[in-house]
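Asks: how would this look folded up:
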Amino acid sequence: MVNHDRVTKAVIPAAGLGTRFLPATKAMPKEMLPVVDKPAIQYVVEEAVDAGLHDVLMVTGRNKNALENHFDRNAELEDALTKKGDTARLQKVNYSSVLADMHYVRQGDPMGLGHAVLRAQMHVGREPFAVLLGDDIIDARDDLLKRMLTVQAQRHTSVVALLEVPPESIHLYGAAAVEPTDEDDVVRITGLVEKPDAEHAPSNYAVIGRYILRPEVFDVLERTKPGRGGEIQLTDALQSMAEAPDWTGGVYGVVFRGRRYDTGDRLDYIKAIVQLAVDREDLGPELRPWLREFAAELDDKPGEIVEEMPADPTGPISTIRVEDH
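Replies: Numbers count the residues shown, from 1 in each chain. Next comes the predicted model:
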């Protein structure tokens, strides 16, 4: 029996290897990469808690112990900060330890996002739940998750976050075919395609990393065969749910028009750090004028020769010219 009560649990898949950030992620989970002065994963947990989801299940993999350690007590560090009288840093350290009721499960075989969500079935049970992907940081000033929870409660359906992207970028996302509703920021999803080329994309509405899912998704995922990349795709399961609204409640989308920071690749990760830092009261006043000065210097600075690490460590180091654009 499905429980339609309010959502209380959040699931955060965090089993990826982070290969795009090697060698930084050789011994450290990509979710622990700092965004200014907090690991990326903490922003995501804070978002869940701010929306009222204090029960957080993290789906992890091998070499992810640092995630558990971050949200646990560190008696030695706390004692050292206490003896120093460094109450400000002590507060920050303690805050992550009491932020949420944290739980962990291993994914085991890396069989895709759909498989990671399926690993949450025992913890979630027959209740609707949220899924938050760590690569997407939503600005704390924008209430995306709260809005999605409201739509889910009103319609008793599954809800995904959508973002309008340039058509040439849609191949990086799942793309949704949509129909309008009586609400400007809510659409009904009639179909989903995982990473289509621009010619075959049903729209430029991209699915980003926030979902509110009814528990029927577990029944669908158990029957979903591996799709793109040989993995069990959550997009394929949502497509099946969109096609069977009488049983699953269908799938709706909330169109997000706020601030999103993509930490999924190196360039966007750097942009995210800068964007968040310039708005900080403790960093922005000094950072903003420095950025303006630095940007002005770039206009006059010729391309430079830099060394590039070879793909083969035993091979020669090559040089590339950095041109200004």
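
Asks: Helices along the stretch 151-300 of the chain, start to end?
Replies: All helices of the stretch 151-300 of the chain, identified by DSSP state H, counting those that start in this stretch, fall at 216-223, 234-242, 245-248, 266-278, 284-300.

Asks: Just name the most buried of these.
Replies: helix 234-242 (a mean of 24; mean count of other CB atoms under 10 Å). For glycine as for every other residue, the C-beta is placed from the backbone atoms N, C-alpha and C.

Asks: about what we covered before: tell me which of the helices of the stretch 151-300 of the chain sits nearest to Ile189.
Replies: helix 234-242 (5.1 Å; CB to CB).

Asks: Distance from the closest one to the middle of the chain?
Replies: Put simply, helix 234-242 sits 19 Å off its chain's centre (CA atoms, centre = their mean, to the nearest Å).

Asks: just stretch 59-72 next, same as before
Replies: Taking mean C-alpha positions (CA atoms, centre = their mean), stretch 59-72 and its chain are 16 Å apart.

Asks: Not counting it itself, show me its contacts.
Replies: 11-17, 27-29, 31-32, 39, 41-42, 45, 58, 96-97, 99-100, 102, 104-108, 110, 116-117, 119-120 (CB atoms under 8 Å, 6 or more residues apart in numbering).

Asks: pLDDT value on the nearest residue to Arg257 once chain neighbours are set aside, please?
Replies: Once flanking residues are discounted, Arg257 sits nearest to Asp185: 7.5 Å by CB to CB, 6 or more residues apart in numbering. Note on Asp185: pLDDT of 93.

Asks: which residues sit in contact with Asp185?
Replies: Asp185 touches Arg147, Val254, Val255, Arg257, counting by CB under 8 Å, 6+ apart.

Asks: Now do the strands in the stretch 101-250 of the chain.
Replies: Assigned by DSSP state E, counting those that start in this stretch, the stretch 101-250 of the chain shows strands spanning 101-106, 129-132, 136-138, 158-164, 174-180, 186-194, 205-213.

Asks: Show me what the shortest one is packed up against.
Replies: It stands for strand 136-138. Applying 3 or more CB pairs under 8 Å, 6 or more residues apart in numbering; DSSP states H and E, one finds that strand 136-138 makes contact with helix 40-50, strand 205-213, strand 260-262.

Asks: partners of the last one in the sheet?
Replies: Which is strand 260-262. strand 136-138 (antiparallel) (DSSP bridges).

Asks: For the strand it pairs with, which residues meet the burial criterion?
Replies: Residues of strand 136-138 classed as buried: Asp136, Ile137, Ile138 (neighbour count, 16 or more other CB atoms under 10 Å).

Asks: Can you tell me which of those is nearest Gly191?
Replies: Among the buried residues of strand 136-138, and counting by CB to CB, the member closest to Gly191 is Asp136, at 22.2 Å.

Asks: Name the nearest residue to that closest one, ignoring sequence neighbours.
Replies: Nearest to Asp136 is Gly209, by CB to CB, 6+ apart, at 3.8 Å.

Asks: Likewise for Tyr269?
Replies: Nearest to Tyr269 is Thr263, by CB to CB, 6+ apart, at 4.7 Å.

Asks: quick one: contacts for Val124?
Replies: Taking CB under 8 Å, 6+ apart, one finds Lys9, Val11, Leu57, Pro215, Phe218 in contact with Val124.

Asks: Please apply the same query to Gly52.
Replies: Listed by CB under 8 Å, 6+ apart, the contact set of Gly52 reads Arg6, Thr8, Lys146, Leu149.

Asks: Surely it is within a strand?
Replies: No: the assignment for Gly52 by DSSP: H, G, I helix; E, B strand; the rest coil gives coil, which leaves it out of any strand.

Asks: where in the stretch 1-150 of the chain is pLDDT low?
Replies: For the stretch 1-150 of the chain, applying pLDDT under 70 flags the ranges 1-5.

Asks: all helices for it, in order.
Replies: Using DSSP H, counting those that start in this stretch, helices in the stretch 1-150 of the chain cover 40-50, 65-70, 75-84, 87-97, 113-118, 121-124, 144-155.
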